[in-house]
Every structure is written in structure tokens, then in C-alpha cells.
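> Fold the following, please.
(2 chains)
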Amino acid sequence: MAHGPAKGFTRWLYTTNHKDIGSMYLWFSFAMFLLGGVFALVIRAELFEPGLQIVEPELFNQMTTMHGLVMVFGAVMPAFVGLANWMIPMMLGAPDMALPRMNNWSFWILPFAFAMMTSTLFMEGGAPNFGWTFYAPLSTTYAPPSVTFFIFAVHIMGASSIMGAINIIATIMNMRAPGMTYMKMPLFVWTWFITAYLLIAVMPVLAGVVTMMLFDIHFGTSFFDAAGGGDPVLFQHVFWFFGHPEVYIMILPAFGIVSAIIPTFARKPLFGYSSMVYATASIAFLSFVVWAHHMFTVGMPLAGELAFMYMTMLIAVPTGVKVFNWVTTMFKGSMTFETPMLFSIAFVILFSIGGFSGLMLAIAPADFQYHDTYFVVAHFHYVLVPGAIFSITAGVYYWLPKWCGNMYNETMGKTHFWTAFIGLNLTFFPMHFAGLSGMPRRIPDYNMMFADWNMISSVGAFLFGAAQILFLFNVIATIRGGKKATDEVWENPEGLEWTVASPAPYHTFSKPPQVS
Amino acid sequence: MAARENMRVTWRLLFTVVAMFIFAVFIMPPIYDVFCEITGLNGKTGNQYQAISAEVDTSRKVKVQFLATNNESMPWQFKPMQSEIYVHPGEEVEVKYFASNPTQQDMVAQAVPSVIPFKAAEYFHKTECFCFNNQPLEAGGSTEMALRFIVDIGVAKSVNTITLSYTIFDITGAATEQTLAQN
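Residues are numbered from 1 along each chain as shown, chains lettered A, B, ... in the order given. I've put the predicted structure just below:
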């Protein structure tokens, strides 16, 4: 049973080991993060000054679209699946994921999906240019020919996510160590359990909406074509029925990660464990009944606007419970501020700012002013960058010593944190002001009055980008060497993953541990 | 045993996946249409209406305005022959739209109606409308297209003006050869 990994490249091709697959997911996601980051920097370089300097408007539109798609489906989602692969079996005391071969498959179709999507940049007519939300008829009647490749790429990503979700649910339901009851599971496992159900429910809806597009484009149906009796607004309803749960798919596992990190560095158990579980479940449930808040300006009856507005505001309640619990966990703790903790605290503060601007956007009458402005861009970047990206970074720093057996360089980690923190706020905070004074989204050129805010944003974006290079360097340096990590790594961290050796052996928990 | 458990979970989840896909493609669009029809959302109007009562409410008048819009690059001239009329609820009225095809080729158009305010949409009945069929027009030809409608007697008292808007789409490419041949 003590056989190690196979040798050579086929190890990675044929592997069914959850740690190998987790690492591949994480590296793939980091590559996509850099690619999406390059697209973002093209956007910020063009917006550094008013006027058209660097790229044509056509390419600019492709950049905004590809940045969104690559970051959402290529960077954030695979990173969480990678963390799930690495950590869920170790947290549950399981030897591996429940369906290891499907695990391999669900990873290996991803590079093909993204190769297909990225290749559209070099096709005649260019890459998709209709925004990551691909509203019809922009994505049907007026789409570039490459839209078909985009549709198939989305199908493949969807299949990958669905298989990943099935695997995670099966693992959590069937592979828990004896004594590991549902309410003893770490919160990262809980949040992923709920996220996986969200994926199962809405990824097929995404597949459905792109399939309807495919039929409208190639087979003469009229789902979204008014001339044939369809309705473009239907697209928005179906898309956001997927899209809103999707944004929680990108944040719920983040809640789990910081719920693991904050107690370790506050040296106190997590405050309100069961309320965290119920809050996560409530957020997931509410995510299905708020979708139309993305489309307040589409022309809804007043009753509809009000219902969606109140439902949306209701989400602030369980989210508030979570923020309260994290703050209370830190309260009177003997806190230390290692890199994972810094990222987690920044997560709590900055994610709350993003939550507040979300509440502002939820107010239907005010949304008519904010709709499609940079205020929206500021809002969702404040929840996604310090939300998803910071929590993933925090998780990587937190568990990296367990994965590779070496401690990362703390000075470099802290430099990474402060550069990223300053870069992030410089980039996205001014966008609130630009948006409130009326700067529209997705434009390559803008009025002179927005020039100062945009210049600050662009400087911040390049700073944030540079910070990620430092991150890459730090991770590689840690894998190659550095101070040996102890098995516990941190001071009395909670969880089964800290009971195995550092680096974690290729096979862990071949005999299930007894959980008391 | 664990393997069988895993397969059970997998099949159950795969079933959910398929069900959600079917829900998105085959159930959501019809639900949306029904929902729009009930609420008048997007100003969608119903299909051909059979008058059921001849009752006319002469005590009030409703102003009906007519609009015409060409979608995108549709080259036709398309306009209502009167911009507005006053009708009694319950009374059947006929108005005409004018269309001409100034191009060198035969074309087929489809007009799509929308009614504002939305709450009036379900009370706006068309007994005859050019929008029920597509409109073929030979190169250089012109036509007058009839619309007969009744504003339902039950329309809310607060509705004094109803705006009926037609957007005309060029569907020459999509229309079959048969449609052209028939006319």
C-alpha cells in the first residue's frame, strides 16, 4: 500500500490521487489567474488616460469579456475545487475522493475548454465581445462567429464543474471517518457541501441557456429573437437564475476557508459554529429567489421590483451573522498576524465593504442610477477580489506548509499581502466614485471628468498584478526548499489535516481515524 | 458497499442535473410566456380575440396611440396612418398601418406588438392584426395593413392612454420560400 506516485508525465495524466489532482487544479487556476490578469491590465492600460491609445474598441470589448470569463470559470472556480480536492478528504479522514477516476476526468477536460476559448482571440472576427454575461441578442444576432466555440467551451466547463460537485457530495456523504458527524465537519467542508448543491442546481441552467443560444444561432429557433416570437429579456431571466447562485458558488467556500484560519490565529474556537452552517444554507437558499435584482431596469412590475429588492436585502442578515461570528472569534483572542491571518482579516473588512455597496445596489429605485456604471464594477470586484481571491491566497499560505513540508517566507508573504492590499484598494475604491458620477461600464474611452480616478485605478491594478508575481515566486521558493514545517505547522490548529505528517504523504488515512 | 453508495449518489445527482437542464430549456421559456401573458409584462398582447360581448361603455373614452419602429437596418417605410384615436371601451375599431418596400428585392417582415402600460396589455384585444402573420412585400411595393381591436370594458379606470407600439423585423432570410410563393 506504500506505493508512491508514478514517475514522469503520465503520473499527472493518469493520476486518481486527490492531492495530485488538487495541485493540478491549483496550478491551472493560477495560470488562468495570470491570463485573466493580463487581460485586465490591457483594460487598465487603455483606461489610464481618456481617449483611445493602446487598443481598438473591438479588442477592448473582447478583453472585458475574456477577463470576466477566464477569472470566473478559469481562476476562481477551479481554485476552490483544487482546495476541495486537497483538503476535504484530509479534513474528513478519508483516503481519497469518492470517485477518483471521475476526478481525473473533470480536471483534464478543463485545459481543453480554456484552450478552445482562448483560441477565439486569434480567430477571424475576434473573441467573444459581448461581456461575460453574454446577453442576447449581442451574443446571438450580433455575435462574432467564434461564439460557437465559446458555447462549447462553456458546456465543457459546466460538465467539469458538475462532475467536481458530484464527487464532493459523494465524498462528504459516504467517506467521513467514523464519528465524523455532519455537525462535526469543518466549515470548509460544510460550505463546499452546500456550494456543490448550488453547482448541481445551476450549472445545467447555464448549459441550457448556451444551448438555447446555439439553437437560435444555427438551427433557426427563436428563444431570444423577438421577430420569431421570442424575447431577449427571457435570456436575462434564465442567465441570472444561474448567475446569482453562481456568485455564491464563488464566495461560500471562501467563508469556509476564513472560518478555518481565523480561529487558528485568534487561538480561540470559532464562535457560533452551527449558526455559520445555517447562515450558509440560508444564503444558498436565498440565492435562488433574488436573480432579478441584476435587471431592475429591464421593465418589471412594481411588485416584482419590491419583492426582489426585499429578498436581496434579506441576504444581508445571514451574511451579517457570519461577519459577526468572525469578529467575535477574534474578540479577546491572542491574535498573531501571519500572512494567512492578514489575508483573512482583510477578507472580513473588504468583503463587508463589498456587501454594503451590494445593499446600495439592492435598493431598486437607486439602482436605476447605478445600473451599468463603474459602481457595479467596484461592488463585484470588492466581493470577488478580497472575497474569493484573498481567501484562496490565505488558504494557500495556510495549507502550503502541510502540502510541501516547508514554511513559506513570512517576510515575502507579508510584502505580498501589503502590496496586494494597497493595490486592490487603489484599483477598486476609486471606481465607486467614478461610477457614482456616472462612468459607464465596458467602454474604452471616457469623459475627461473621470480621468483622475481612472489613472489611480490603473496604477493600483499594475501594483496588484506585481504582487501576484511575488506570490508565484514565494510559492515556488517554498516548494523547492525553506525551513521545515512541523506536523502541526501552526499553534494548536483544529482539524484532522494537522494530524498527518508534513509534507502530507501521498496516501493519508488509509486506515480511518476515530473522531471523538 | 461504499462503491454502491457512491453510485447511488452519483445517479441521483445526475438525474437532478438532467432535470435542471430540461427545466431551463423546456420549462422556463413557456412559464415565462404564461407569466408575461398574465401580468402583461413586456407589453405582450394575446393572439386573435373572439369578441364575446357587444357591450360598449360610452361613458368613458380611452386614447390609443400608435407607434411604429424599424428594427436595426430594416429599410421599409412603416408608419401608422393615424397617430392616435379615442375609443369607447368595448367598441371595435379598425385602424391601418402603411408599409412600403423601397428596395429592389422581395422581402418578408414580421411586426411585433407591445402595449404600454403593462397593466393594460391583457385588456387590449386584437380581433384582426397584420402581426398575426408575416408580411411579404414585393420590391417597390406598398400596402395598407389592417388592425381591428377592442379595448376591454374591464380596463382599469386609471388607464386613460394606451400606447401600442409595433417593431418591424426583416425576416426575409428566415422566411421559407413557400411563404413567398403563397402570396
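> For whatever residue of chain B ends up closest to chain A, grab the count of nearby residues.
Going by CB to the nearest CB, chain A is nearest to residue B:24 of chain B, at 2.9 Å. (Glycine included, C-beta is placed from N, CA and C.) The number of residues packed near residue B:24 is 22, by other CB atoms under 10 Å in any protein chain shown.
> residues touching it, list them.
By CB atoms under 8 Å, 6 or more residues apart in numbering or on different chains, the residues touching residue B:24 are A:204, A:205, A:207, A:208, A:209, A:212, A:238, A:241, A:242.
> Give me the helices and strands touching the helix or strand in which the second one is found, please.
Same thing as residue A:205. Element membership for residue A:205 (DSSP states H and E) is helix A:187-218. Packing partners of helix A:187-218 (3 or more CB pairs under 8 Å, 6 or more residues apart in numbering or on different chains; DSSP states H and E): helix A:77-92, helix A:147-174, helix A:232-249, helix A:252-266, helix A:273-286, helix B:2-22.
> Out of the ones you listed, which is closest to residue A:292?
Closest approach to residue A:292 among the helices and strands packed on helix A:187-218 (CB to CB): helix A:232-249, 6.8 Å.
> The residue nearest to the spatial centre of chain B pairs with what?
Closest to where the C-alpha atoms of chain B average out (CA atoms, centre = their mean) is residue B:113, at 4.1 Å. Beta bridges link residue B:113 to residue B:166, judged by DSSP bridges.
> can you pull up the bridge partners for residue B:69?
residue B:167.
> in a strand, that's where residue B:126 is, yeah?
Yes - checked against DSSP: H, G, I helix; E, B strand; the rest coil, residue B:126 lies within a strand.
> What sits closest to residue A:265 if chain neighbours are left out?
residue A:341 (3.8 Å; CB to CB, 6 or more residues apart in numbering or on different chains).
> circling back to that earlier point, may I ask which of the contacts of residue B:24 has the most neighbours?
Result: residue A:209 is most packed of those (other CB under 10 Å), 30 neighbours.
> Count residues in the vicinity of the nearest residue to residue A:125 once chain neighbours are set aside, would you?
Spatial nearest neighbour of residue A:125, chain neighbours left out: residue A:144 (3.7 Å); criterion: CB to CB, 6+ apart. Neighbours of residue A:144 under the rule other CB under 10 Å: 21.
> pretty sure residue A:144 is touching residue A:129, no?
Yes - counting by CB atoms under 8 Å, residue A:144 does reach residue A:129; the two are 6.3 Å apart.
> where exactly do the strands run in chain B?
B:62-70, B:77-80, B:84-87, B:92-100, B:107-116, B:124-129, B:135-137, B:142-151, B:161-170 (DSSP state E).
> Turn these into a markdown table, including distance to residue A:217 and mean pLDDT.
Below are those laid out as a markdown table (distance: least, CB to CB, whole Å; pLDDT from 0 to 100):
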| stretch | distance to residue A:217 | mean pLDDT |
| --- | --- | --- |
| strand B:62-70 | 23 | 91 |
| strand B:77-80 | 27 | 90 |
| strand B:84-87 | 39 | 91 |
| strand B:92-100 | 28 | 90 |
| strand B:107-116 | 18 | 87 |
| strand B:124-129 | 29 | 86 |
| strand B:135-137 | 25 | 87 |
| strand B:142-151 | 30 | 89 |
| strand B:161-170 | 16 | 89 |
